[in-house]
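> Sequence below, structure please.
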Amino acid sequence: RRRRHTVTRVGRRRGARHGSCEGVAQTRGIPRKDIRDSGHHGCMADKSEGRRMGNILDYLSWRGDLTFDIDPFNEVDSLILCQLSYLDLSGVVDEEGHGTTVRQAAKRFAALHVEDDGAPGGLVSPLTPLVLEAMAASERFANARLFHYAEHLDDAAGEQFAAISVKLGDGSTYVAFRGTDDTFAGWREDFAMTYTVVGAQTRALGYLEATRKSTRGTLRVGGHSKGANLAVYAVAMSGWRTQRRIVDVWVHDGPGFDESTVNGAKLEAIAPKVRRYAPEFCVVGQIMSQPYPYEVVASATSGVMQHSGMNWQVKGNRFERRDVIDARALRFGEIFSNAIKDHDMDFRRRFTSCFFDALEAGGKTMGELSEDAPASYLRVARAYSTIDTDVRDAVTEIIGLLVGEAISKGIADAGTSAAGVVANLF
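This is a model prediction of the structure:
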């Protein structure tokens, strides 16, 4: 039976919390168990103050009737647009003319995904399509116009890039850069940032300059994860005609820059415009350095899943704050940063090449790696056993830090027991 999609009401199902992640997801047929298992949650009680907190879906439900004239653009709006950028909007956003309204885009997206929910896959929240749906149901975003959608993936070159521009009701244009998706090309490019300027950064700069030329009014630029890095790079390296129109740069738990590859003075020059946020268990945001202070935000989950913007807790029109970053996360950041500094550019290049060549022996994406298991895992283990010893030792150290001594030991023994690696890793 044809699945019914709606963009006119969010979260209205008997027994479901209005506007909550689980409530909205149930209207789209996403089992409650799948939401819990993915680590993406909705509301939670603030026991200290007796008030209820929510996430960006709840925000759209609770405050979506407030236009930008009533409640100006804020940090939560920025995260919503960054989360939107994770969706594949090919065939949804008009390439010519004045763009496509969010309401129109939601209808087209639903029509294109009758047989599936359109979720991005990989580590991106499966609830992301609901963000577009909830935006379309809100007065705040329904008539915002999406335009200049761009997407580029080159497995051979290790490049992954996507961006979308949004004309908002206050007259400003928000440029949102996508973070890393489930392609190993994207992850390879993230690691390559430790030793060179990567293709996605160069494309981000070109995209921002092109958007400036095709628009009028103020510009806002932002991203989540790798997308935040692209936003900062593009703004810092842009010309004065572009920079004078930019009012703010939004960094949602994004990695920094290697001091030897990017002009630090240019990064510092845009500091007054940068608004930076990191979860309490911040991992990605500590990778490499960036000269910007940050606000620590609360999350509905724990550990590395706090990186997902769908888990960040919202109260009113701002994120719920926490005092400091978790000590365990700080320790990871310290060790990872030292691991980078302790090796020269040539080693970082070899590390990236060897590590991801081994992973891609199992598939081009995390999804492919998982779907073809256990055969894909065996291919990875065999490929891994042939890489340079010093690179393998470095991988062992980092993975040992991330997931524990047991898995680290399994990787170290890859050359002698592929079956043992599979058992330990997966």
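> C-alpha only now, for contacts and for neighbours.
OK.
> Which strand or helix spans the closest residue in space to V283 that isn't next to it in sequence?
Leaving aside its sequence neighbours, V283 sits nearest to A329 (CA to CA, 6 or more residues apart in numbering; 5.9 Å). Per DSSP states H and E, A329 falls inside helix 327-341.
> And the average pLDDT for the next helix or strand after that helix is what?
Downstream of helix 327-341, the next assigned helix or strand under DSSP H and E is helix 345-360. Averaged across helix 345-360, pLDDT comes to 84.
> Kindly report the same for stretch 168-175.
So the average pLDDT for stretch 168-175 ends up being 98.
> Also stretch 183-193?
Stretch 183-193 shows a mean pLDDT of 82.
> CA-only coordinates of that stretch, as CSV, when you get a sec.
Extracted in CSV, the C-alpha atoms of stretch 183-193 (Å, rounded to 0.1, in the frame of the first residue of the first chain):
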residue,chain,number,x,y,z
THR,A,183,31.2,7.2,2.2
PHE,A,184,34.8,6.2,3.0
ALA,A,185,35.8,8.9,0.5
GLY,A,186,34.4,11.4,2.9
TRP,A,187,36.2,9.9,5.9
ARG,A,188,39.5,9.7,3.9
GLU,A,189,39.2,13.4,3.2
ASP,A,190,38.7,14.2,6.9
PHE,A,191,42.0,12.5,7.7
ALA,A,192,43.7,14.2,4.8
MET,A,193,43.0,17.5,6.5
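> For that stretch, which outside residues touch it?
With contacts defined as CA atoms under 8 Å, 6 or more residues apart in numbering, stretch 183-193 is touched by 153-161, 180-181, 198-200, 226, 257-258, 348-349, 352-353, 356, 359-360, 364-366.
> which one is N143 nearest to, not counting chain neighbours?
In space, N143 is closest to T101, 5.2 Å off (CA to CA, 6+ apart).
> for F356, that is, sorry about that
In space, F356 is closest to R188, 6.3 Å off (CA to CA, 6+ apart).
> mind checking how far the one you found is from V251?
Between R188 and V251 the computed distance is 21 Å (CA to CA, to the nearest Å).
> More neighbours: which of these two?
Neighbour comparison, R188 and V251: the larger count goes to V251, with 31 against 21 (by other CA atoms under 10 Å).
> pretty sure the more buried one is in a strand, no?
Yes. Counting by DSSP: H, G, I helix; E, B strand; the rest coil, V251 is part of a strand.
> And the pLDDT for it?
The score at V251 is 97. That number is its pLDDT.
> residue ranges with poor pLDDT in the stretch 251-400 of the chain?
Where the stretch 251-400 of the chain drops to pLDDT under 70, the residues are 398-400.
> in it, which spans are strands?
For the stretch 251-400 of the chain, applying DSSP state E, counting those that start in this stretch gives strands covering 274-279, 295-297, 314-315, 318-319, 321-322.
> Other residues contacting the longest one?
By CA under 8 Å, 6+ apart, the surrounding residues in contact with strand 274-279 are 248-253, 285, 292-299, 306-307, 312, 325.
> Give me the sheet partners of that strand and which way each runs.
Here strand 274-279 has these sheet partners by DSSP bridges: strand 246-252 (parallel), strand 295-297 (parallel).
> Kindly report the same for the fourth one.
Applying DSSP bridges, strand 318-319 is found paired with strand 314-315 (antiparallel).
> where does the partner strand sit relative to the chain's centre, distance-wise?
20 Å (CA atoms, centre = their mean, to the nearest Å).
> okay, now A150: neighbour count?
18.
> who does whichever strand or helix holds it touch, helix- and strand-wise?
Assigned by DSSP H and E, A150 belongs to strand 145-154. Applying 3 or more CA pairs under 8 Å, 6 or more residues apart in numbering; DSSP states H and E, one finds that strand 145-154 contacts strand 100-101, strand 159-167.
> tell me what the last one is packed against?
For strand 159-167, the elements it packs on are strand 145-154, strand 173-177, helix 184-192, helix 199-214, judged by 3+ CA pairs under 8 Å, 6+ apart.
> Need the contact partners of the second one.
Residues outside strand 173-177 that contact it (CA under 8 Å, 6+ apart): 81-82, 85, 161-168, 204, 208, 215, 217-224, 227-228, 230-231.
> Ok, stretch 236-248 next?
205, 208-209, 212, 217-221, 235, 266-267, 269-270, 273-275.
> can you map out the strands along the stretch 1-150 of the chain?
According to DSSP E, counting those that start in this stretch, the strands that the stretch 1-150 of the chain contains are 44-46, 51-53, 100-101, 145-154.
> right, so those: which one is the most enclosed?
strand 100-101 (a mean of 21; mean count of other CA atoms under 10 Å).
> What residues does the nearest residue to K226 once chain neighbours are set aside make contact with?
Among residues not flanking K226 along the chain, G179 sits closest, at 4.4 Å (CA to CA, 6+ apart). G179 makes contacts with 86, 223-228, as judged by CA under 8 Å, 6+ apart.
> can we see that at 10 Å?
Neighbour list for G179: 82-83, 85-86, 124, 160-163, 186-187, 190, 223-230, 254 [criterion: CA atoms under 10 Å, 6 or more residues apart in numbering].
> Need the winner for burial among the helices and strands packed on strand 145-154.
strand 159-167 (a mean of 25).
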